[in-house]
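Chemist: Need a 3D model of the following:
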Amino acid sequence: MVAGAGLSLLAATGCSTLLSAPAAPPKGFVALFNGRDLQGFRGGETFDHRKLLAMSESDRAAQIAKWTATMTEVNPKTGKPHWHVENGELVNDGFGAYASTEKDYGDFELLVEYKTVPIADSGIYLRGVPQVQIWDHTEADPQKLGRAKGSGGLWNNSAGAPGKDPAVMADRPFGQWNKFRILMTGARVSVWLNGKQVVDHALLENYYDRKSPIPVRGPVQLQTHGGEIRWRNVFIREIGSKEANAILASHGEDSGFKSVFNGRDFAGWAGPIDNYQVVDGAILCKEHKGGTIFTKQEYGDFVARLEFKLPSGGNNGLAIRYPGKGDAAYDGMCEVQVLDDNYEKATNSKIDPRQAHGSVYGMIAAARGYQRPIGEWNFEEVTVKGSRIRVELNGTVILDGDVSTVKEHMAGSPHPGKDRTSGSFGFAGHNDPVAFRAIRIKAH
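Modeler: This next block holds a predicted model:
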């Protein structure tokens, strides 16, 4: 029999399927598993998604086809494919490639129910990165992996890192269904297992390259790991930038952050404020104007949170420990660059990597590719502690460096202010209408 275009890879195997009506997705969600077959899924493994995307189209298709073929291989002990559907449940016998979504996802909320067996080990990969852990918490643990702490942790995070171990043991007894709620904004992940929060806004580390942040988009993967696991009610809701910014801004907001901009005027600010204006509750640099405006209050160590919006080719910067005069990038501790990620294309010019968005200008380069599209608001958090600067953009850490260790400067230009221990916070405008709002600072 030749499978029709609408039939799934599992339906084409001829495996008998008992059908039951799948549960309807909650409002705003869509079903990843339709209750009948693996439509929308492909095969996948523990494989760097960036490397997969970097392959030629033909090589990538061949690799995916190879993985996907293992999913329909028949287990000689059961006479069933490794992945099959029984009574509306997606069943895996512990073998074959992982059920990976054909679609890549950025920020999302994922709901999924699973039921597994003793000694089983599985997990859920987020954007292709391992993983939200699923395993047998009753099994002996001679390797001291942390089984007794239960499922739901970001197990592949570094030892001692937030989120690696679940905050509480929330697994239900074998034979019962467990339910995950997973919220992902940037690299920030929160996990609830059976209604109990087990991970709170922790950064998911990049298993494939811990020096680099995780991909901005990637597949959701249901892992196989040697023991039977059943899945049902697998629903996902993509999160837009406005909601993602609100989630990121709300976490820890009650721990000492104070607004430094009232949304109406420049009270509490100094510098060439005539070159800026307040529009719809945001500070906006006037076109073809610039200069550094800054808070009258000075800060030593602090965390700053804000939202910014760029025009195409837009250029500005965050003045860190600014002395109130001179060039923020050189006379202040540094300037954290605010720049369109597509600046080269928009302006037909080249930049040094240490000029890209989030970089400590002229000294330390930031990771690129984590900005929202032009016209959308971005959320940024900058942490200044001693000589260290950390920049988190839209929930992903794009820079974490120490200016005291910098020996080479862009164009050989030294930064005499980099050792400053206090100063003002501000915006270093460069002729473009870049907007800032919701500016809050927590001093240490």
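
Chemist: Look up phi and psi at R390.
Modeler: phi -130, psi 130 (degrees, to the nearest 10).

Chemist: Equivalent analysis for G426, please.
Modeler: Dihedral angles phi and psi of G426 (degrees, to the nearest 10) take the values phi -160, psi -170.

Chemist: Verify the stated contact: it with K296.
Modeler: No. In this structure G426 lies outside contact range of K296 using CB atoms under 8 Å: 10.2 Å. C-beta coordinates here come from the backbone N, C-alpha and C atoms, glycine included.

Chemist: Out of those two, name the residue with the larger neighbour count.
Modeler: A direct count of neighbours by other CB atoms under 10 Å for G426 and K296 places G426 higher, at 24 against 12.

Chemist: Next, the contact list for the more buried one, please.
Modeler: W269, G271, T292, I293, F294, T295, L318, A319, Y322, A328 (CB atoms under 8 Å, 6 or more residues apart in numbering).

Chemist: hey, what's the fifth one bridged with?
Modeler: When bridges are assigned using DSSP bridges, the partners listed for F294 are A270, G426.

Chemist: got the contact list for it?
Modeler: Contacts of F294 (CB under 8 Å, 6+ apart): W269, A270, G271, A319, Y322, G324, S424, F425, G426, F427.

Chemist: Kindly indicate which of these lies nearest V191.
Modeler: Lowest distance from V191 to these (CB to CB) belongs to F425, with 33.9 Å.

Chemist: Count the neighbours of K196 for me.
Modeler: 14.

Chemist: Wait, it touches A170, no?
Modeler: Yes. Counting by CB under 8 Å, A170 is a contact partner of K196 at 4.2 Å.

Chemist: could you dump the contacts of G426 to CSV with pLDDT and distance to L38?
Modeler: Putting the contacts of G426 into CSV (pLDDT from 0 to 100; distance: CB to CB, whole Å) gives the following:
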residue, pLDDT, distance to L38
W269, 98, 57
G271, 98, 59
T292, 98, 56
I293, 98, 56
F294, 98, 57
T295, 98, 55
L318, 98, 47
A319, 98, 53
Y322, 98, 56
A328, 97, 54
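
Chemist: Can you tell me which of the residues you listed comes closest to G152?
Modeler: The nearest one, if we look at the contacts of G426 relative to G152 and count by CB to CB, is L318, at 36.0 Å.

Chemist: Next up, the contacts around the residue nearest to the closest one when sequence neighbours are not counted.
Modeler: With CB to CB, 6 or more residues apart in numbering as the criterion, L318 has its nearest non-adjacent residue at 4.1 Å, and that residue is V336. Contact analysis of V336 by CB under 8 Å, 6+ apart lists G317, L318, I320, G358, S359, V360, Y361, V382, I389, V391.

Chemist: Mutual contacts of G426 and K296, please.
Modeler: Joint contacts of G426 and K296 (CB under 8 Å, 6+ apart) are W269.

Chemist: what's the single longest helix in the chain?
Modeler: Criterion DSSP state H: the longest helix present in the chain is helix 57-71.

Chemist: Now do M55, the pLDDT please.
Modeler: Listed pLDDT for M55 reads 98.

Chemist: Equivalent analysis for T13, please.
Modeler: 37.

Chemist: cool, L145 as well?
Modeler: pLDDT, read off for L145, is 89.

Chemist: And the residue nearest to I273 when sequence neighbours are not counted, how far from L52?
Modeler: Sequence neighbours aside, F266 is the residue nearest to I273 in space, at 4.5 Å (criterion: CB to CB, 6+ apart). The spacing between F266 and L52, counted by CB to CB, to the nearest Å, is 49 Å.

Chemist: count of neighbours near L145?
Modeler: 13.

Chemist: returning to that earlier point: dump the contacts of V336 to CSV, plus distance to A24.
Modeler: Below are the contacts of V336 laid out as CSV (distance: CB to CB, whole Å):
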residue, distance to A24
G317, 49
L318, 46
I320, 50
G358, 42
S359, 47
V360, 50
Y361, 52
V382, 43
I389, 48
V391, 42
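
Chemist: In contact with W155, which residues?
Modeler: With CB under 8 Å, 6+ apart, W155 has these contacts: G123, P130, Q131, Q133, L145, G146, K164.

Chemist: and the two most separated of those?
Modeler: Largest separation among the contacts of W155 by CB to CB: P130 and G146, giving 14.8 Å.

Chemist: Give me the more crowded residue out of those two.
Modeler: More neighbours surround P130 than the other of P130 and G146, with 21 against 17 (other CB under 10 Å).

Chemist: out of the contacts of F294, which one sits closest to A69?
Modeler: The closest of these, once distances to A69 are taken by CB to CB, is F427, at 54.9 Å.
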